[in-house]
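# okay, here's the prediction I keep looking at, along with the sequence it came from:
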Amino acid sequence: MPEDAGVEGLQDVVARLGGDDVVAVLEEAAQIGLWAQQVQLVASGVIATRSSREAGHSGLAQSRGHRTPAALVQEITGTTKGEAARVVRVGTDLIAPAPVPDAAATANDTPGATPDVAWWEPLRGALHANTISSAAYDAIRRGLGEPPEAGEELSDEARTGFAESSREAWRQAAEQLVGEASERTVEELAQAARTVRDLLDPEGAEARFLARFEKRSFRRWKDADGLNRASLILDDEGAAFLDSVENAALRPRRGGPRFVDPEEKRDADALVEDARTNDQLSYDLFMDILRAGVLADPAAVYGTRQAGVRLVQVIDPMGSPFPVGHTEDGLTALPAAAIDQNICNTGTVDVTIDACGNPLDVGREQRLFTSRQRIGLAIRDGGCRWKGCDLPASYCEAHHIDEWDRDGGRTDIDRGILLCRFHHMNLHHGGWRITRSGKNDFELHPPGGKPPILLSPRAALTVAWAGIDPPPPRFRPTAA
């Protein structure tokens with residue numbers, strides 16, 4: 001194609017390509033974009049280092065009339081403030097000099113001395129190799145935060161040991177999240193990183209939970225046109241509950257699981273045909289809830305089963321609960337105190353799993369998965385397992401990887417997998433199939449004999465089930 005053909009000529013060429021060729025062109029363009037992104041990140045990082053406070057008005061950004069390097073980057077790239085700030089943040093990390101071994105330890109040849117390598121080095125290496133995007137890097141880096149510091153009352157040796165153990169745990173967490181970056185959306189990576197951080201740092205999780213709780217607020221005002229407006233800042237539990245309420249009512253509009261009950265199916269079909277937008281339906285729903293109050297018949301308000309938040313907490317073989325749990329939908333970490341408070345109101349359901357999150361089987365007595373089995377699937381899968389899908393467990397259907405009639409399939413947890421409605425139908429009607437050898441990871445086989453895609457479990461769940469090996473410090477050590 002001639003270089004001067006322009007956008008219209010490019011459109012004509014691409015429009016004539018077949019489906020596979022169009023996808024290949026996009027993949028090539030994405031790869032080129034990653035390399036261009038590297039240049040942009042490095043340049044932004046250099047601009048940031050040359051625009052420090054110490055440089056004053058002679059700094060690179062300041063000398064061009066900008067208060068910050070992000071403002072200069074925003075002007076050049078035409079992006080938003082948030083995007084420019086992210087590019088500067090990641091670029092600064094990217095060009096930072098690699099950590100070197102401790103000079104004193106090297107000189108003295110101290111037994112067991114290790115280089116003081118930054119825990120996020122796996123992230124930086126993946127970004128250099130174009131394995132992850134800058135958005136994924138930033139989501140993981142910010143989500144994991146920083147390892148906790150040991151208490152001042154500890155000896156220097158104990159503090160050093162704690163710091164090394166924490167850094168190693170964070171480094172392994174970063175490696176896990178990098179490994180699944182190609183299978184997760186950036187939003188899911190960010191949530192997974194936050195949940196992993198809370199699981200590795202239970203005391204910090206409690207403090208962060210309480211800090212977010214203190215920021216809760218509800219504010220109403222009238223704008224210049226007399227329109228009533230509101231602003232709502234939610235704490236973790238409140239957000240999970242509102243998600244549950246809204247999902248229960250709007251799930252049919254958003255591609256939720258199919259209904260077996262005829263009456264529920266009729267209601268779902270009516271909701272799909274409703275002329276109101278999703279935002280209008282959400283507003284009317286919450287106004288109905290406020291009017292009805294706690295004494296309302298759940299079906300009259302939600303249109304189906306009563307909404308609720310299911311929490312998951314790991315109990316070790318000795319009967320001790322882990323100090324941090326998570327919501328079944330969204331995998332948001334919650335401290336033990338919040339879980340205990342909910343148990344007082346709702347009770348518990350016990351599910352025994354192995355170190356990989358696999359619950360026990362129940363055999364072939366019935367065709368459909370039982371309610372308890374679906375709980376087990378939700379605990380193990382955390383939502384739709386299809387690559388790149390982040391729909392929560394409440395939006396999923398249980399798929400038998402062995403067909404009931406053709407393969408004599410058993411309704412066992414280890415032969416079932418959660419898929420959202422779209423991907424479940426796509427699998428059955430599009431020539432896809434899922435297999436599993438023993439307790440290994442599930443494999444998704446595309447049509448046409450293409451190589452299978454490994455459906456790895458979510459990192460936040462693997463940390464919740466079995467921790468990281470070697471295990472991180474679950475509680476900060478105290479002085480003897």
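Everything's here; your move.
# which residues sit in contact with residue 25?
14, 17 (CB atoms under 8 Å, 6 or more residues apart in numbering). Just so you know, the C-beta spots here come from the backbone N, C-alpha and C atoms, and that holds for glycine as well.
# sorry, wrong one. I was asking about residue 80.
residue 74.
# for it, give its distance to residue 144.
24 Å (CB to CB, to the nearest Å).
# next: residue 252.
From residue 252 to residue 144 the distance is 36 Å (CB to CB).
# how about residue 154?
Residue 154 is 23 Å from residue 144, by CB to CB.
# next one: residue 171
Distance of residue 171 to residue 144, given as CB to CB: 10 Å.
# in the stretch 51-200 of the chain, which spans are helices?
69-77, 81-95, 103-108, 121-128, 134-144, 156-179, 186-200 (DSSP state H, counting those that start in this stretch).
# I'd like those helices as TSV, with mean pLDDT, mean neighbour count and distance to residue 402 appended.
Converted to TSV, the helices of the stretch 51-200 of the chain look like this (pLDDT from 0 to 100; neighbours: other CB atoms under 10 Å; distance: least, CB to CB, whole Å):
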stretch	mean pLDDT	mean neighbour count	distance to residue 402
helix 69-77	92	20	51
helix 81-95	90	19	45
helix 103-108	42	11	55
helix 121-128	90	20	36
helix 134-144	92	22	35
helix 156-179	88	18	28
helix 186-200	91	23	28
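# for residue 57, find the nearest of these.
Residue 57 sits nearest to helix 69-77 of all those, at 13.8 Å, using CB to CB.
# by how many degrees do the closest one and helix 81-95 diverge?
Here the directions of helix 69-77 and helix 81-95 differ by 110 degrees (axes from the mean of the first three to the mean of the last three CA atoms, to 10 degrees).
# how far does helix 69-77 sit from the chain's center?
Computed by CA atoms, centre = their mean, to the nearest Å, the chain-centroid distance of helix 69-77 equals 29 Å.
# other SSEs contacting that helix?
In this structure, helix 69-77 makes packing contacts with helix 19-49, helix 81-95, judged by 3 or more CB pairs under 8 Å, 6 or more residues apart in numbering; DSSP states H and E.
# domain map for this structure?
3-95, 232-302, 371-456 (automatic domain parsing).
# angles on the backbone of residue 332, please.
phi -80, psi 130 (degrees, to the nearest 10).
# how much space between it and residue 385?
Residue 332 is 19 Å from residue 385, by CB to CB.
# more neighbours, these two?
Each of residue 332 and residue 385 has its neighbours counted (other CB atoms under 10 Å); residue 385 has more, 25 against 22.
# quick one: the residue nearest to the more buried one when sequence neighbours are not counted from residue 200, how far?
What sits nearest to residue 385 in space, not counting adjacent residues and going by CB to CB, 6 or more residues apart in numbering, is residue 455, at 4.8 Å. Per CB to CB, residue 455 is found 24 Å from residue 200.
# please apply the same query to residue 421.
From residue 421 over to residue 200 (counting by CB to CB), the distance is 34 Å.
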